[in-house]
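*Asks:* sequence plus predicted model, see below.
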Amino acid sequence: MKPWEVMIAALGWVLVIEGLLPLTAPEVWKKTVSEIARARPETLRAAGAVFVAAGVTIVLWMTG
């Protein structure tokens, strides 16, 4: 696969994974989103930093 094809496939998987909770448990999803909306910006930034670091680590690990 070409790099751009891998990126599109990865985006597809993100959409699938992100869509599973609202599809299977919409009330849980609504509660979770509501709790996230009440979180402090610092907490959200820290979580975002962890997710970005994990994502970069996975990409580097998978691409060698």
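*Replies:* Now that the structure is in, tell me what you want to look at. Residues are numbered from 1 along each chain as shown.
*Asks:* can you show me the helices along this protein?
*Replies:* Secondary structure of the chain (DSSP state H): helices at 3-24, 26-37, 41-63.
*Asks:* in JSON lines, list the ones you listed along with mean neighbour count and mean pLDDT.
*Replies:* Every C-beta, even on glycine, is put in place using the N, C-alpha and C of the backbone. Shown next, in JSON lines, are the helices of the chain (neighbours: other CB atoms under 10 Å; pLDDT from 0 to 100):
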{"stretch": "helix 3-24", "mean neighbour count": "11", "mean pLDDT": "94"}
{"stretch": "helix 26-37", "mean neighbour count": "11", "mean pLDDT": "97"}
{"stretch": "helix 41-63", "mean neighbour count": "10", "mean pLDDT": "94"}
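*Asks:* ok, the residue nearest to I36 when sequence neighbours are not counted to P3 distance?
*Replies:* Counting by CB to CB, 6 or more residues apart in numbering, I36 lies nearest to L44, which is 7.3 Å off, once chain neighbours are set aside. L44 sits 30 Å away from P3, going by CB to CB, to the nearest Å.
*Asks:* many thanks, we can stop here.
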